[in-house]
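**Student:** Mind folding the following:
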Amino acid sequence: MPAPSIKLFLAPPGVLAPPGWLPVEPGELTNLHFASGAVQAAYIQDWPSLMPEKELVLLLQELKRVIQPGSWRDEDGGTHVFEGGIIRIATPDVATATRAYAESDMGFFRLTLGAAGDRIGPGEGLALWLNRYAPVRAYDHGALMASLRRAGISATYRSARHKSLLPWLRGTEFDGEGEHRLYFECWPESENQKQVA
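**Tutor:** Below is the predicted model of the structure:
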């Protein structure tokens, strides 16, 4: 049986999907009626901070259903290779922004807010950052983990910009601009992985 090749790209309007990726808005996903395990990968950029948490949990539950299960495989030499389907999430990290506020790091706000960052102080910088990047809900590591757990996803990996578990997800077309995002990868566990855990 061939591996699923459908790759879903969920990003705000104006962010173009790379070749070979299907652009999807969160509300459209259930209307596409993918079979369970039919999708190889899903990339989510910024949507967690642009939607109520209840909607995010429903989105993650549907992605958990349609993504091919994933697992780790041992190779010769003691290396571990990830194989199977994956959900990669890149969303603004409120911990990074609040740290910049606490440290009066105006370089961070200039980097993320552009020219507006030149004329403001740390408090206004944080307020503008929240308004632009997390207008509905702000996430840090713990908050995003809680949403993943509520969606029934327990297999997670805290990633970094351009550091995906899968080499083909490390390109510059993923993860957006700037260093202010939180990165997670998660997947529905294969039966083999559940038995090992």
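**Student:** Please count neighbours and contacts with C-alpha atoms only from this point.
**Tutor:** Will do.
**Student:** tell me the centre residue of this structure?
**Tutor:** Ile89 (0.6 Å; CA atoms, centre = their mean).
**Student:** tell me the contacts of Asp175?
**Tutor:** Gln45, Ala90, Arg161, His162, Arg181 (CA atoms under 8 Å, 6 or more residues apart in numbering).
**Student:** can I assume it sits in a helix?
**Tutor:** No - applying DSSP: H, G, I helix; E, B strand; the rest coil, one finds Asp175 to be coil, outside a helix.
**Student:** how many other residues sit next to Ser154?
**Tutor:** Look at Ser154: counted by other CA atoms under 10 Å, it has 14 neighbours.
**Student:** Kindly report the same for Asn31.
**Tutor:** 7.
**Student:** follow-up on the earlier one: so the residue nearest to the centre of the chain bridges to which residues?
**Tutor:** Assessed by DSSP bridges, Ile89 has beta-bridge partners Ile44, Phe184.
**Student:** doesn't Gln45 make contact with it?
**Tutor:** Yes - Ile89 lies in contact with Gln45 (CA atoms under 8 Å); the separation is 6.0 Å.
**Student:** What ranges does the protein have for its strands?
**Tutor:** 6-10, 22-23, 39-45, 70-74, 80-84, 86-92, 155-158, 181-187 (DSSP state E).
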